[in-house]
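Novice: coords please:
(one chain, ligands or ions: 2)
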Amino acid sequence: MTQVVLITGATSGFGMAAAKRFAKAGWSIVISGRRKERLEQLADEISAEANVLIMPLDVRDSDAVKEAIKSLPKEFLPLNAVINNAGLALSPKPAQEVDLEDWHTMIDTNVKGLVNVAHATLPSLIEAGEGATMINVGSIAGQWPYPGSHVYGASKAFVKQFSYNLRCDLLGTGVRVTDLAPGIAETEFTLVRTKGDQAASDKLYQGTTPLSAEDIAEQMFYITTLPSHICINRVEVMPTRQAWSAFAIDRD
Ligand code: NDP
Ligand code: 8X3
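Specialist: Ligands and ions are numbered 1, 2, ... in the order given. Purely as a prediction, here's the structure:
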């Protein structure tokens, strides 16, 4: 039987690349994001290979998420995989200079939005049973501190612990949960983080070899299609050209 994957944040970056990867393997795909026209474009692009349904919504709207999952047509149920990927960082400045609204937007999207999707889709994953997979997209920022990460990193630490905790409660259901935690990857992420500063985004990725959206999509596909007795709890993946740095010390 055809397997079904639901991907949030499919209008760009990791989510879009994941939709293309799963389409290539013939999965049925539900693609979600706020920008409906991008979802339509992507659906056009991959519909020759896969059965695609667009689900335009804002993950922060819990009622909309619940309603959209409840209204999925039979052919897209049960869900064999959920890629809980929609998210963003804002304001890479020191915490004391950031607008409170930006902190709230990150919490509402990366924490509340992610749990909205998890809560609405878990029953379907449990129905799919053995081998069903939820991938929650975390970040190296959820594990390691760095300047300007403030609420973004904290929201991704939530993703890690929430994913581990889900594993405990889902034991016996056959459902796997993974916290997929990438390092620097070239997508629209930095354009969003800097509120549209294309030069800053280009500069960050210039002269190095960041991860690509396709690199992460390949990992998503790998994790999801492993034999059902294997669960990858957490993957932390950086480009070879990224590493940690020395502790900062304040001096006179
Ligand atoms: P992009 O900005 O390219 O993609 C983000 C996606 O999230 C878009 O499709 C966007 O869709 C969607 N999204 C954002 N807010 C909402 C919302 N409120 N409701 C629904 N969809 C939303 O970035 P990436 O692909 O890089 O990011 C994907 C995930 O990966 C994020 O969770 C990010 O934190 C994480 N990540 C990224 C890294 C990187 O360096 N790129 C590294 C580690 C983790 P739309 O705007 O149409 O709603
Ligand atoms: C984003 C990855 O390297 O900018 O989650 O923290 S990084």
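
Novice: Would you mind naming what in this structure lies close to ligand 2?
Specialist: Contact residues, the chain versus ligand 2 (C-beta under 6 Å from any ligand atom): 139-141, 183-184. Quick note: C-beta positions are derived from backbone N, CA and C, even for glycine.

Novice: Let me know whether Val117 touches Leu79 as I believe.
Specialist: No: counting by C-beta atoms under 8 Å, Leu79 is not a contact partner of Val117; they are 10.7 Å apart.

Novice: three-state assignment of Ile29?
Specialist: For Ile29, the assignment made with DSSP: H, G, I helix; E, B strand; the rest coil gives strand.

Novice: just checking, it touches Phe22?
Specialist: Yes: with contacts counted by C-beta under 8 Å, Ile29 reaches Phe22, the gap being 5.5 Å.

Novice: The lengthiest helix in the chain and ligand 1, any residue contact?
Specialist: Longest helix in the chain by number of residues (criterion: DSSP state H): helix 150-170. No: under the criterion of C-beta under 6 Å from any ligand atom, helix 150-170 makes no contact with ligand 1; the nearest approach is 6.8 Å.

Novice: Return every residue with contacts to both of Ile29 and Phe22.
Specialist: 5, 7, 50 (C-beta atoms under 8 Å, 6 or more residues apart in numbering).

Novice: Next to ligand 1, which bits of this protein? Give me the list.
Specialist: Counting by C-beta under 6 Å from any ligand atom, the chain sits next to ligand 1 at 8-15, 33-35, 58-60, 85-89, 109, 113, 137, 139, 182, 184-185, 187-189, 192.

Novice: Those, buried ones only, as a ChimeraX selection?
Specialist: Buried members of the residues of the chain next to ligand 1, identified by 16 or more other C-beta atoms under 10 Å, are gathered into one ChimeraX selection as follows:
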select :8,9,10,11,12,13,14,15,33,59,60,85,86,87,88,89,109,113,137,139,182,184,185,187,189,192
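
Novice: Does the residue nearest to Trp144 when sequence neighbours are not counted belong to a helix, a strand or coil?
Specialist: Using C-beta to C-beta, 6 or more residues apart in numbering and skipping residues adjacent in sequence, the residue nearest Trp144 is Trp244, 6.5 Å away. Following three-state DSSP, Trp244 is assigned to coil.

Novice: Was I right to think Trp244 contacts Pro145?
Specialist: No: if you go by C-beta under 8 Å, Trp244 and Pro145 don't touch, sitting 10.1 Å apart.

Novice: which residues do those two both contact?
Specialist: With C-beta under 8 Å, 6+ apart, Trp244 and Pro145 have no common neighbours.

Novice: starting at the chain centroid, how far to the strand or helix carrying Ala118?
Specialist: For Ala118, the host element (DSSP states H and E) is helix 114-128. A distance of 15 Å separates the centroid of the chain from that of helix 114-128, by C-alpha atoms, centre = their mean, to the nearest Å.

Novice: ok, and what's touching that helix?
Specialist: Outside helix 114-128, the residues that reach it (C-beta under 8 Å, 6+ apart) are 6, 8, 59-62, 65-66, 68-70, 72, 77-82, 84, 86-87, 132-134, 136, 159, 162, 166, 170, 173, 175.
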